[in-house]
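Participant: got a predicted model here, sequence first, then my questions.
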Amino acid sequence: MYTIYVGDKPIILTTKVEKETDFKSYLLNSVNIGKVIKTLNNTDLKAVHLIHKNEDKLLKKFLKLLPNVIAGGGKVYNSKNEILFIYRNNKWDLPKGKAERKETIEETAIREVEEETRVEGLKIVKPLPVTYHIFKRHGKHRIKITHWFEMSSDFDGELIPQKNEGITKVEWLDEKASQKALENSYANIRILV
């Protein structure tokens, strides 16, 4: 099973056929993904299930429906065990961004965290779950596939938001502040934090 978010509403890729309650089911092989996105955005439907009989092909088939954007990002802890958050588009988020040519996904994640926050001395601790979400750019829908890494840094300098990326704040948040920030964040970020 995989979950792809459209805003905060999930598209669930599954092999199970369940009785529809507050969600709708479609066959992955014949789905009109544009219609599904529109339905999720414009109705009070809670989710959509896309069904395919072969679990090994669920994600592969789904990712062919829209152009893919590969990204890397970080859930960064400092020496006080605080998490590094950015504030963009009136939501709290974790720093992430698009991979560049000839760059490993780990290099992407570190570069993007550095660019968006000016935090230095980042070390990857371990990989975190990959997240998927659908967004619209230049009138076209795309699937962002974000490879996340838990990172650490002893950086104690000034946090500088990357304004040209729409980031207005960068902050280290403790456990309590992180939980508060997640109330105004994205579903795929709540999974990670």
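Facilitator: Received the coordinates, thanks. Numbers count the residues shown, from 1 in each chain.
Participant: ok, longest helix in this protein?
Facilitator: Secondary structure of the chain per DSSP state H: the longest helix is helix 105-117.
Participant: how far does that helix sit from its chain's centre?
Facilitator: 15 Å (Cα atoms, centre = their mean, to the nearest Å).
Participant: what's the following helix or strand after it?
Facilitator: Next in sequence after helix 105-117, counting helices and strands by DSSP states H and E, comes strand 123-127.
Participant: ok, back up a step: show residues contacting the longest helix of the chain.
Facilitator: 70-74, 76, 84, 86, 95-100, 103, 119-120, 122, 124, 147-149, 151, 159-162, 165, 167, 170 (Cβ atoms under 8 Å, 6 or more residues apart in numbering). Placement of C-beta: from N, CA and C, glycine included.
Participant: W148 contacts K75, doesn't it?
Facilitator: Yes: between W148 and K75 there is a contact at 6.3 Å, judged by Cβ atoms under 8 Å.
Participant: quick check: neighbours shared by those two?
Facilitator: 94, 128, 192.
Participant: thought K96 was touching the last one, still the case?
Facilitator: Pointing back at L192 there. No: L192 is not in contact with K96 according to Cβ under 8 Å; the separation is 10.3 Å.
Participant: shared neighbours of these two, which are they?
Facilitator: W148.
Participant: which of the two has more residues huddled nearby?
Facilitator: Ranked by neighbour count (other Cβ atoms under 10 Å), L192 and K96 place K96 first, with 22 against 19.
Participant: how close does that one sit to T146?
Facilitator: 5 Å (Cβ to Cβ, to the nearest Å).
Participant: cool, and Y77?
Facilitator: 18 Å.
Participant: how far off centre is the lengthiest strand in the chain?
Facilitator: Longest strand in the chain by number of residues (criterion: DSSP state E): strand 140-152. Relative to the centre of its chain, strand 140-152 is centred 5 Å away, using Cα atoms, centre = their mean.
Participant: and if you look at stretch 153-165?
Facilitator: With Cα atoms, centre = their mean, you get 20 Å for stretch 153-165.
Participant: what residues of it count as buried?
Facilitator: Within stretch 153-165, the residues scored as buried using 16 or more other Cβ atoms under 10 Å are 153, 155, 159, 161-162.
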